[in-house]
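Visitor: Here is my input; please provide its structure:
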Amino acid sequence: MLTVSRLAKSYGRLQAVQDVTLQVAPGQIVGLIGPNGSGKSTLLNCIAGTISPDAGRINFDGHDITGAPSDVVFRRGIARSHQDPALFQRMSVLDNTLLPARKQAGERARRAPFHRLWRAQETTLAGRAVGILHRLRLRDHYATRASDLSGGQMKLLELGRSLAGEPKLMLLDEPTAGVAPNLAYEIFEQIAALRNEGLTFLIVEHRLEILFDFVDHLFVMHLGSVLAQGSPAEIVANPQVKEVYFGA
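Guide: Below is the predicted model of the structure:
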């Protein structure tokens, strides 16, 4: 589904990503791990269209999306979450979830003044959003402002908002950072359930004790490059990874 080929991105003399090649197959949960500053978030930003790479290619679902802006990448079917949830804090949980819905008739200038032309669609989208919130145990908070949620609930809301955009691939940047262990495991259980329904995931995560229970394949980054790849067992046994990441 996703192929990254010899990708590079630098900031002045800092080579944040260099010669990175990786693949993500449909229906997989793929982990992207490595020490802080190893280039993981920069790589996600290049894939998501937040920044443009200096070199290399990105192919998604048969389309070359190298350097494409984030809105184009989103329409192709890639959604991205952030380590610090990028929510609209003054909007309600429900309104945050409704934002990414595709082809909303009420957003068209000629139709926006005439509610009757898009009322039925709005009702359908709201029902779907409520279903997503129910699944993520946020339905009781549908009218709550995003700023009033706990950190864990904000993570769940960002996941729900991404789902509302009907993605094929989700790029998650530390989805359990700052979340209590029980809720962190629940978040990954939701991710696994979504994978079983056909979604694909590329996940940056530092809580390896949870990630390793769910991931199909792992890539390890170090100093902007891919140091190793393989199953959790292969990564744990890799001597280079032990030295660089686990300090063994």
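Visitor: Okay, now the unreliable bits of the chain?
Guide: Scanning the chain for pLDDT under 70 picks out 104-107, 109, 111-114, 117-118, 246-248.
Visitor: Where do the helices of this protein begin and end?
Guide: 40-48, 70-76, 93-98, 119-135, 151-164, 181-196, 208-211, 232-237, 239-244 (DSSP state H).
Visitor: Any buried residues in stretch 155-174, and which?
Guide: Buried positions in stretch 155-174, judged by neighbour count with 16 or more other CB atoms under 10 Å: 155-165, 167-174. To be clear about C-beta, it is placed using only N, CA and C from the backbone, and glycine gets the same treatment.
Visitor: and the end-to-end length of it?
Guide: Using CA to CA, to the nearest Å, the end-to-end distance of stretch 155-174 comes out at 9 Å.
Visitor: quick one on the thing from earlier: make JSON lines from the helices of the chain and add distance to A25 to it.
Guide: Shown next, in JSON lines, are the helices of the chain (distance: least, CB to CB, whole Å):
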{"stretch": "helix 40-48", "distance to A25": "15"}
{"stretch": "helix 70-76", "distance to A25": "17"}
{"stretch": "helix 93-98", "distance to A25": "29"}
{"stretch": "helix 119-135", "distance to A25": "25"}
{"stretch": "helix 151-164", "distance to A25": "20"}
{"stretch": "helix 181-196", "distance to A25": "12"}
{"stretch": "helix 208-211", "distance to A25": "18"}
{"stretch": "helix 232-237", "distance to A25": "17"}
{"stretch": "helix 239-244", "distance to A25": "22"}
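Visitor: Of the ones you listed, give the one that comes closest to G12.
Guide: helix 40-48 (13.5 Å; CB to CB).
Visitor: who's in contact with that closest one?
Guide: Here helix 40-48 makes contact (CB atoms under 8 Å, 6 or more residues apart in numbering) with 2, 4, 7, 9, 16-17, 20, 32-34, 51-53, 58, 60, 65, 70, 73, 78, 80, 83, 171, 173, 202, 204, 221, 224.
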